[in-house]
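[1] Need coordinates for the following:
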Amino acid sequence: MPAVSSEDHPPRPDPKQGEREYFARIGEAGRLHAMRKPFSDENCNHYLINISVFLSLMRPAPARVVEFGCGTGWLSLIFAERGYEVVGVDISPDAIAIAEQLRQERQIPNASFRVADYEEVKIDPPADYVIFHDALHHAESEDAAMRAAYAALAPDGTVICIEPGDGHSQSATSIRAVQEFGVHEKDMPPRKIIHRARAAGFRRHTVLPWAWDHMRFVYRPAYAKATGPSDLRGKKFLGMLRVLRNLFRHRAQGIVLLWKQ
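    Numbers count the residues shown, from 1 in each chain. Purely as a prediction, here's the structure:
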């Protein structure tokens, strides 16, 4: 049998290294975009609704919040400006450098940032909340991430996850990110999160529908003009049907809350 060379089977890319290098590879325009989120992003209204969801689900400040996979820290800084004591964790040194720059520019003393793998990080003192916002689906091991989140929480602490559901890994954007940057892009529906969370020790959970789905179906843009009163009523009716449908699809997509005890 002929020997097989490394050229015949090139080494598989390391997605975790892809996550570390991502912000170094996206270029100056990409980093500027990341610094100005959520307002720089085409999904700005989606992100702003998510912020409202987080703040509605969390008790009023003061409380201690840890964001796993914080990226450039834009969400962590919003929590801090609301009065929470915040720690942002990300595996990318370039992302954390941007987050720290933004923190200093805005003079926000109650936020700090750490370069760390959230699958292994140790948090002390423990947090009241651990946040995953579009971050858990980049994990190498969701089991390790959930164990780290469980260990990071104080008794009665809560994890809040807003993650992409079924089909995310097959979207054009995800496929392009994997091909170009070698990162993980996984489906992360509630049923998968809950399964991993139970293995980590969580015993209580609930799943809420995505607020964004309700907003986009009920509150239509003003420029999407109806042709008349009957058309407007029809659109509102269809919007409400979609909302009801999504209430029964929460195992495929939704907001997951996990309680330590």
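[2] Could you list the paired strands of the helix or strand that contains residue 207 along with their orientation?
    Assigned by DSSP states H and E, residue 207 belongs to strand 204-208. Strand pairing for strand 204-208, using DSSP bridges, gives strand 255-259 (antiparallel).
[3] Need the residues that contact the strand it pairs with.
    Identification of contacts with strand 255-259 by Cβ atoms under 8 Å, 6 or more residues apart in numbering yields 53, 57, 149, 156-163, 190, 193-194, 197, 202-211. C-beta here means a position set from N, CA and C on the backbone, and glycine is covered the same way.
[4] Out of these, list just those in strands.
    156-162, 204-208 (DSSP state E).
[5] just curious, which of those is nearest to residue 116?
    residue 159 (17.3 Å; Cβ to Cβ).
[6] Based on its surroundings, how many neighbours for the closest one?
    Using other Cβ atoms under 10 Å, residue 159 has 28 neighbouring residues.
[7] Just confirm it contacts residue 197, I think it does.
    Yes: assessed by Cβ atoms under 8 Å, residue 159 is found in contact with residue 197 at 7.3 Å.
[8] ok, back up a step: for the strand holding residue 207, list every residue counted as buried.
    205, 207-208 (16 or more other Cβ atoms under 10 Å).
[9] Would you confirm that residue 112 belongs to a strand?
    Yes: the assignment for residue 112 is a strand, going by DSSP: H, G, I helix; E, B strand; the rest coil.
[10] nearest residue to it other than its sequence neighbours?
    In space, and not counting its chain neighbours, residue 112 is closest to residue 87: 5.5 Å by Cβ to Cβ, 6 or more residues apart in numbering.
[11] where exactly do the helices run in this structure?
    15-25, 27-35, 44-57, 74-81, 93-106, 142-152, 172-181, 190-200, 211-218, 229-247 (DSSP state H).
[12] Give me the pLDDT for residue 96.
    Note for residue 96: predicted pLDDT of 98.
[13] and it, how many residues sit next to it?
    Counted with other Cβ under 10 Å, the neighbours of residue 96 add up to 22.
[14] could you check the distance from it over to residue 66?
    Using Cβ to Cβ, to the nearest Å, residue 96 is found at 14 Å from residue 66.
[15] again with residue 166
    27 Å.
[16] Same check on residue 174?
    26 Å.
[17] Compare the two (neighbour count), which wins?
    Each of residue 174 and residue 66 has its neighbours counted (other Cβ under 10 Å); residue 66 has more, 27 against 19.
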